[in-house]
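S.K.: just coords:
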Ligand SMILES: [Zn+2]
């Protein structure tokens, strides 16, 4: 009897989803663990799924660093313990960590534009307040912020769009150029927030944009890079998913695409690129979580390139490749502190300029570390982090060729993970800026 009671007590429960007064899922009492796999991966994944654990990140790179980071709901903490994993605790309360992210701050709005009669035709508005980088912001405010940046650099920038999301949102960005005029130089192309929950990525991409504009006329190194390259910057390439993380489920990863034949929602846009799409490192299943709340499978889609978001950003990138070419492509992610070079699909394949890429990545990591001491691990995606299929940097290495095609995983290494406190945004921007400045001066 006693045994039976104990067994029942630790059986995993279907976790109930708690929501706050605005309808957002709370993660109060969830604990975050780093689990070192000591059993077959399939068994481990099935067990974690039975616990309604939210999969955060995994690292399959080296035997000594393999791990899964998972958030376990409070009702299954005992059942988690009963599985007797080799695990360390990363966070005692994910809900408390999310509170540290702070409230979403509205943006005060576009600066009043200078009347054309009273100024040069292209008079610049002031740059938006730097206090933007002290908080996270609602999706709509990111669009206003981009407009505001453009207005501050009117002769050297324009707003751009790269297709439409599944739910019909325009994927928006900004294009910056220098003295040669627009579209006259090879491209530097950045994507942020392809994974919805990686909020720091759009903030950092915006920080870099802000500093490019702010320093163009007073820093010769910045003038040089902008005069020699056209920047195409898309801070949020997965707007539906991003919005969903703000209104419903903070830890959502994928887009919000529905498909016939499944109740599961969402495809991983960064496993959907039509190159080496069906290899190791993506999921063929849209997920089994019928509630779709914590479903973070790396689902690759039914066919290569079949997400509207991928179609939009790929078409945009292909056009850049066919134009003046792409010098540098970076897909910005979090978390883990990695600078990742090709390839993801294979741990043995090498890009033609692999050693140059690896050296630059290593030195970029060193330039980042000089600012706040933040250590980045650098190396090839598959051997350093994990195998990926249908990932953007492989596409931009072999199909639409960028000379350098990287993924950067920003702060931190797991303590806060995706919910990096707002008071780390500026420091993350500063070190990322230093890394890019190094790269632009040396690539
Ligand atoms: Zn990511």
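M.R.: Happy to help now that I have it. Remember, predicted model here, so these are calculated numbers, not experimental data. Numbering: from 1, shown residues only.
S.K.: Show me which residues of this protein are close to the ion?
M.R.: 195, 333 (CB under 5 Å from the ion). For glycine as for every other residue, the C-beta is placed from the backbone atoms N, C-alpha and C.
S.K.: One more pass at 6 Å, please.
M.R.: By CB under 6 Å from the ion, the residues of the chain that approach the ion are 195, 198, 333.
S.K.: hang on, the last one in a strand?
M.R.: Think residue 333. Yes - assessed with DSSP: H, G, I helix; E, B strand; the rest coil, residue 333 lies in a strand.
S.K.: Run a quick neighbour tally on the residue lying closest to it once chain neighbours are set aside.
M.R.: Setting aside the residues directly before and after it, residue 333 is nearest to residue 409 in space (CB to CB, 6 or more residues apart in numbering), at 4.9 Å. By the measure other CB atoms under 10 Å, the count of residues near residue 409 is 21.
S.K.: ditto for residue 221
M.R.: 12.
S.K.: where's it relative to residue 140, distance?
M.R.: 34 Å (CB to CB, to the nearest Å).
S.K.: quick one: contacts for the closest residue to the ion within the stretch 251-400 of the chain?
M.R.: Nearest to the ion in the stretch 251-400 of the chain, going by CB to the ion, is residue 333, at a distance of 3.4 Å. Contact analysis of residue 333 by CB atoms under 8 Å, 6 or more residues apart in numbering lists 194, 195, 198, 201, 407, 408, 409, 410.
S.K.: Filter the residues you listed down to the ones in helices?
M.R.: Secondary structure from DSSP state H places residue 201 of those in helices.
S.K.: any chance you could map the strands in this protein?
M.R.: 31-36, 54-59, 67-72, 86-91, 157-164, 170-176, 187-191, 230-234, 326-334, 338-341, 377-380, 402-410 (DSSP state E).
S.K.: rank the ones you listed by pLDDT, which is bottom?
M.R.: For the strands of the chain, mean pLDDT drops lowest on strand 54-59, to a mean of 83.
S.K.: which residues touch that strand?
M.R.: With CB under 8 Å, 6+ apart, strand 54-59 has contacts from 27, 30, 32, 48, 65-71, 251, 294, 296, 335-336, 385-386, 414, 417-418.
S.K.: same question, stretch 94-110
M.R.: So stretch 94-110 is contacted by 26-32, 71, 91, 125, 128-129, 132, 134-138, 141, 144-145, 147-148, 151, 199, 246, 250, 416, 419-422 (CB under 8 Å, 6+ apart).
S.K.: Mind giving me the PyMOL select for the residues you listed, buried ones only?
M.R.: Of those, the buried ones go into a single PyMOL selection, burial set by 16 or more other CB atoms under 10 Å:
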select buried, resi 27+29+30+31+32+71+91+125+128+132+135+136+137+138+141+144+145+147+148+151+199+246+250+416+419+420+421+422
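S.K.: Next step: the contacts of stretch 94-110 restricted to helices.
M.R.: 141, 144, 145, 147, 148, 151, 199, 246.
S.K.: ok so, going back, between the contacts of residue 333, which is nearest the ion?
M.R.: Out of these, the member with the shortest distance to the ion (by CB to the ion) is residue 195, at 3.4 Å.
S.K.: Surely residue 380 is in contact with residue 358?
M.R.: Yes - contact status for residue 380 versus residue 358: in contact at 7.1 Å, counting by CB atoms under 8 Å.
S.K.: average pLDDT across stretch 104-114?
M.R.: Mean predicted confidence for stretch 104-114 is 69.
S.K.: quick one: which of the contacts of residue 333 is nearest to residue 316?
M.R.: Nearest to residue 316 among the contacts of residue 333 is residue 194, at 13.3 Å by CB to CB.
S.K.: Tell me how many other residues surround the closest one.
M.R.: 29.
S.K.: Please report phi then psi for it.
M.R.: Residue 194 adopts backbone torsions of phi -60, psi -30, taken as degrees, to the nearest 10.
S.K.: Was I right to think it contacts residue 272?
M.R.: No - at 9.7 Å, residue 194 does not count as touching residue 272 under the criterion of CB under 8 Å.
S.K.: By neighbour count, sort out the buried ones in the contacts of strand 54-59.
M.R.: The buried subset of these (16+ other CB under 10 Å) comprises 27, 30, 32, 48, 66-71, 251, 294, 296, 335-336, 385-386, 414, 417-418.
S.K.: Look up how far residue 315 lies from the residue nearest to residue 333.
M.R.: From residue 409 to residue 315 the distance is 26 Å (CB to CB).
S.K.: try residue 170
M.R.: Counting by CB to CB, the gap from residue 170 to residue 315 is 14 Å.
S.K.: Between the two, which contacts overlap?
M.R.: By CB under 8 Å, 6+ apart, the residues touching both residue 170 and residue 315 are residue 163.
S.K.: wait, what's in contact with residue 164?
M.R.: Counting by CB under 8 Å, 6+ apart, residue 164 has contacts 170, 171, 308, 312.
S.K.: which one of the residues you listed has the most neighbours?
M.R.: For the contacts of residue 164, neighbours tallied by other CB under 10 Å; top is residue 171, 22 neighbours.
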